Structure formats: structure tokens, C-alpha cells
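>>> Okay, sequence plus prediction incoming.
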Amino acid sequence: AQSVTQPDIHITVSEGASLELRCNYSYGATPYLFWYVQSPGQGLQLLLKYFSGDTLVQGIKGFEAEFKRSQSSFNLRKPSVHWSDAAEYFCAVGEGSNYKLTFGKGTLLTVNP
Amino acid sequence: DTAVSQTPKYLVTQMGNDKSIKCEQNLGHDTMYWYKQDSKKFLKIMFSYNNKELIINETVPNRFSPKSPDKAHLNLHINSLELGDSAVYFCASSLGLAGGPEQFFGPGTRLTVL
């Protein structure tokens, strides 16, 4: 069965600093990989996705992620964090023909002024 | 124009009651999903329908019954509510089996069982 690990439960960065959120997955085949963001009291918004091709993918709000098959990782990055980026971030892997998503436990991002 | 909508947004009820949550999507997608997010923010899939046919049915108590009257709607009925059912329930949709795995989520329904 597939699984997703987000090693960092909570990360605090200063506004303007760079950000990297880690995600490791376990899946036998080439995975479909996603990053979603959830602001307080809101639903989940898709930041970016990887299906195939270029391993560096660009998303919305200035985020990017890199798929590294050798490390089974799909880390999310942003060069300069804004206060509005404070939220919960979820990594997910899609499985099989049903495209069932398995989520990591999330990383809470706090941004200090 | 809301892509995936859920009603109600908040639901507070007593143990033992029966309640329903409704979901509608106007994206023309074939596949819809129900997820449960617990108090620790952990998201887990419950059910999925593709063109009104049940395709994913995770280990969920029989008290939970999904119904899809058409491919734009997926409702969740819960019988005999228990304290442990308190959570946020998210509906999602995707193009599905032919179109790819990207899922779009609704705003969630926060269920509180007293």
C-alpha cells in the first residue's frame, strides 16, 4: 500500500525567507504526486502536481516542487515566503486507476513578520 | 461560480441522530469523493463514485452510506451518529478514470456530535 510521510509537523520561517517542505512517498509504480494547501477553516487548494515529464514542476503562488525518484521525494519550495503563505500543507500520492489519494499528515507553516 | 459546493457548512447534532451532507460539482467531472479530516487534520478517503457507480469503499462503518443520484451530486448519509464521527468532511471531484487524478475539493462540512 502506498504511504506518504511529511517529517515536519510544524515549521516556522520569517517573512522573506526561503522555504522547503519535505515529502517522502512509498509507491511501487510511478506515482501521481500533489501538494495541497489548506488555510484555516478552508478547503484544500491544489498548489501543484506531478504526473510525468520534467521533474521540476511549477505551481501557483510562486511554489515549485521537485520529484526525485531515487529519494522517493517530492519536496515543496518557495524562494521567499509571504505572511499569507501561513497554512497547513499536505502532500498526496495518487494510486491506481481509481486515483485514490493518500495524504501525508500535513505540515503547519507559521510565518513570522 | 463555486466549483465544488457542500451543504451545510456546519452541522451540530446529538448522538444517535441521522444526518446528511450534500455535495454538488459544476465542473462536468465524472468522479466524486468523500474524505474525512479528523481533529489532527489527517485526511482519509471514505468513498468514491464514478458516473454514479461506487468504485472506492474504504473501511468505513455501515452507518455511513453514500448516494450519487447523478454524476454531479454525491451525498453522504450518516445513521446513528457517534461522538467519534465529529470531523470535517470534504467532498472532491476529478475528471476520473479517463481524465486524470487531479482532485478539486469543496469547502468542507464541520460535523460536531454532542
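Here it is on my side, so go on.

>>> Can you name the residue of chain B nearest chain A?
Residue of chain B nearest chain A, by Cβ to the nearest Cβ: residue B:101 (3.6 Å). To be clear about C-beta, it is placed using only N, CA and C from the backbone, and glycine gets the same treatment.

>>> Tell me which residues touch the residue positioned nearest the centre of chain B, please.
For chain B, the residue nearest the mean C-alpha position is residue B:34 (3.1 Å; Cα atoms, centre = their mean). Applying Cβ atoms under 8 Å, 6 or more residues apart in numbering or on different chains, we find residue B:34 in contact with B:23, B:45, B:46, B:47, B:48, B:66, B:74, B:76, B:89, B:90, B:91, B:92.

>>> ok, which of those also contact chain A?
Among these, proximity to chain A is found for B:45, B:48, B:90, B:92 (Cβ under 8 Å from any Cβ of the partner chain).

>>> Tell me the first helix or strand C-terminal of whichever strand or helix holds residue B:77.
Per DSSP states H and E, residue B:77 falls inside strand B:73-78. Next along the chain after strand B:73-78, taking DSSP H and E as the criterion, comes strand B:87-96.

>>> can I get the contacts of residue B:34 in JSON lines with pLDDT and neighbour count?
Listed next are those as JSON lines, based on pLDDT from 0 to 100; neighbours: other Cβ atoms under 10 Å in any protein chain shown:
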{"residue": "B:23", "pLDDT": "97", "neighbour count": "25"}
{"residue": "B:45", "pLDDT": "92", "neighbour count": "22"}
{"residue": "B:46", "pLDDT": "95", "neighbour count": "18"}
{"residue": "B:47", "pLDDT": "92", "neighbour count": "21"}
{"residue": "B:48", "pLDDT": "90", "neighbour count": "28"}
{"residue": "B:66", "pLDDT": "94", "neighbour count": "21"}
{"residue": "B:74", "pLDDT": "96", "neighbour count": "28"}
{"residue": "B:76", "pLDDT": "97", "neighbour count": "22"}
{"residue": "B:89", "pLDDT": "97", "neighbour count": "22"}
{"residue": "B:90", "pLDDT": "96", "neighbour count": "26"}
{"residue": "B:91", "pLDDT": "96", "neighbour count": "27"}
{"residue": "B:92", "pLDDT": "95", "neighbour count": "24"}
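
>>> could I get those as JSON lines with distance to residue A:64?
JSON lines is the format used below for the contacts of residue B:34 (distance: Cβ to Cβ, whole Å):
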{"residue": "B:23", "distance to residue A:64": "31"}
{"residue": "B:45", "distance to residue A:64": "27"}
{"residue": "B:46", "distance to residue A:64": "32"}
{"residue": "B:47", "distance to residue A:64": "33"}
{"residue": "B:48", "distance to residue A:64": "29"}
{"residue": "B:66", "distance to residue A:64": "36"}
{"residue": "B:74", "distance to residue A:64": "33"}
{"residue": "B:76", "distance to residue A:64": "35"}
{"residue": "B:89", "distance to residue A:64": "31"}
{"residue": "B:90", "distance to residue A:64": "26"}
{"residue": "B:91", "distance to residue A:64": "29"}
{"residue": "B:92", "distance to residue A:64": "24"}
